[in-house]
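Colleague: return atomic coordinates for the entry below.
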Amino acid sequence: MYAIIGGLFLVLAVLDMGIKQYIEDTFWQDEERETVVPEIVLRKVHNKGLFLNSLEQYPAFIKVESAVAGICVLLYDIWVFLHKGNLCKKIGMAFVSAGALSNIYDRLIRGKVIDYIGIRCKNKFLSRVTANLADLYVVLGAFLVAIAKCFRK
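Modeller: This is a model prediction of the structure:
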């Protein structure tokens with residue numbers, strides 16, 4: 001089971017990191033391309049801060065916060081995987097950890113996170129939001145962990 005969850009973690013992290021590199025190499029900054037789903041676009045956005053570039057004027061803080069968050073996720077992973085059972089929580093943490101690894105790598109090595117998934121809609125705020133698969137992994141993983149906690153014995 002650990003090999004399967006570890007493999008899932010690896011595939012998820014490599015997939016997002018590979019897409020980020022593709023976007024970085026082939027898109028211009030803020031370039032937008034349509035997808036087969038009209039409401040979803042690919043765009044290259046560098047996020048030097050947190051959500052919507054908040055706190056971007058404090059890059060050292062952002063790096064330290066990212067490293068600390070990564071250590072916290074790693075410690076929780078160890079705790080979760082040392083206990084038997086609770087497959088849903090373990091899968092959820094594989095998603096959270098893969099997303100965290102990819103975004104923390106970007107912050108610490110590149111100095112920015114590469115976001116590339118945008119929504120095209122009438123709401124100006126939502127149209128400005130750009131994310132990446134790592135962000136979606138963290139949300140999905142947190143949801144799975146919460147579900148596991150709600151339905152534990």
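Colleague: so, low pLDDT: which residues of the protein?
Modeller: The chain contains residues with pLDDT under 70 at 153.
Colleague: let's see 80
Modeller: Residue ranges of the chain with pLDDT under 80: 51-53, 152-153.
Colleague: tell me where it has helices.
Modeller: Per DSSP state H, the chain carries helices over the ranges 2-26, 59-82, 87-105, 124-128, 133-150.
Colleague: got TSV for those helices, with distance to Gly118 too?
Modeller: For every residue, glycine as well, the C-beta is placed using N, CA and C. Shown next, in TSV, are those (distance: least, C-beta to C-beta, whole Å):
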stretch	distance to Gly118
helix 2-26	11
helix 59-82	22
helix 87-105	17
helix 124-128	7
helix 133-150	12
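Colleague: tell me the most buried of those?
Modeller: helix 87-105 (a mean of 22; mean count of other C-beta atoms under 10 Å).
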